[in-house]
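*Asks:* for reference, the sequence and a predicted model appear below.
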Amino acid sequence: MEQHIVFTAAALVTFAIFSFLYKDNPFYKFAEHLVVGVSAGYWIVILYNTSLVPKLIEPLQRFFGGRSTSLLDPLVIIPAILGILMFTRFVPKIAWISRIPISYILGIGSGAAIPLVLQTFVIQQIYPTMAMFLPGGAVTWWDWVTNILIFAGVFCGLAYFYFSARHEGALGGVSKAGIWILMIGFGASFGYTVMSRVSLLYGRMDFLVNAWARPLLGALFGG
């Protein structure tokens, strides 16, 4: 019985979201605010248990309780103070203080993200492009075909964005091929996005029919 109640509530929220297909209405707004509120509450609990407790509260408890074996435990006070300074944003007279922790976060975040982005989106993309020039990069004839297509696609795509010369003659032909390469890439990305959204829709419809409607009707009518 409890499962039917929970599934019915989930189904009603789903229908409230789907009601936006007709027009904006109070049911959709309620469901939208509910999702945002529940998500915010969920992440607050997750961050509290996975970040605040193990990285701040527990080290301070060990330090002030005389059980600390690490010199880093008292240093957690520094990020704690920076976090508290973030809340000065709500006091107009001293709101400028919040820029200190914000700049620190941006600096550390940029320093950590830039190498990761370069490694993921630049270096890892360069390797398959140049694979046919590397030892062992092409073994079979199909490897050669694949590597040549990748290299040609990257070269044509870069040629389209070369604006230091008029796109005429050979450069014009290569840049036109680059347009086709770009359109194929955008189309594949869009198709993948649509496919993932359709998959989500299928999963939700499967829930409404098989997990909610059929068991509920069976419980009501004994079928």
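*Replies:* Ah, there it is. Numbering: from 1, shown residues only.
*Asks:* helices of the protein, start to end?
*Replies:* Taking DSSP state H, the helices of the chain run over residues 2-18, 26-47, 58-64, 77-85, 99-118, 124-129, 141-160, 169-206, 214-221.
*Asks:* report the buried residues of the longest one.
*Replies:* Within helix 169-206, the residues that count as buried by 16 or more other CB atoms under 10 Å are 174-175, 177-178, 181. From N, CA and C alone the C-beta is placed, and that goes for glycine too.
*Asks:* same check on the third one?
*Replies:* Applying a neighbour-count criterion of 16+ other CB under 10 Å, one finds 59, 63 buried in helix 58-64.
*Asks:* and the first one, by the same measure?
*Replies:* For helix 2-18, the neighbour count (16+ other CB under 10 Å) marks 7, 11, 13-14, 16-17 as buried.
*Asks:* run through the neighbouring helices and strands of that helix.
*Replies:* Judged by 3 or more CB pairs under 8 Å, 6 or more residues apart in numbering; DSSP states H and E, helix 2-18 is in contact with helix 26-47, helix 214-221.
*Asks:* ok, residues contacting that helix?
*Replies:* Residues from elsewhere that reach helix 2-18 (CB atoms under 8 Å, 6 or more residues apart in numbering): 27-28, 30-32, 34-35, 204, 207-208, 211-213, 215-216, 219.
*Asks:* farthest pair within these?
*Replies:* Glu32 and Ala219 (30.2 Å; CB to CB).
*Asks:* distance check, the closest residue to Arg166 other than its chain neighbours against Ile148.
*Replies:* Nearest residue to Arg166 in three dimensions, chain neighbours excluded: Gly172, at 7.7 Å (CB to CB, 6 or more residues apart in numbering). When CB to CB, to the nearest Å is the yardstick, Gly172 and Ile148 sit 22 Å from each other.
*Asks:* likewise for Ser68?
*Replies:* Plainly put, Ser68 is 61 Å away from Ile148 if you go by CB to CB.
*Asks:* neighbour count winner among these two?
*Replies:* Neighbours per residue (other CB atoms under 10 Å) separate Ser68 from Ile148, with Ser68 holding more: 15 against 12.
*Asks:* next, the contact list for that one, please.
*Replies:* Applying CB under 8 Å, 6+ apart, we find Ser68 in contact with 59, 62, 74.
*Asks:* run a quick neighbour tally on Tyr28.
*Replies:* Residues near Tyr28, counting by other CB under 10 Å, number 18.
*Asks:* so what's it up against?
*Replies:* 16-17, 19-20.
*Asks:* dump these to a markdown table, plus pLDDT and distance to Gly153.
*Replies:* Formatted as a markdown table, the contacts of Tyr28 follow (pLDDT from 0 to 100; distance: CB to CB, whole Å):
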| residue | pLDDT | distance to Gly153 |
| --- | --- | --- |
| Ala16 | 95 | 45 |
| Ile17 | 94 | 39 |
| Ser19 | 94 | 44 |
| Phe20 | 94 | 39 |
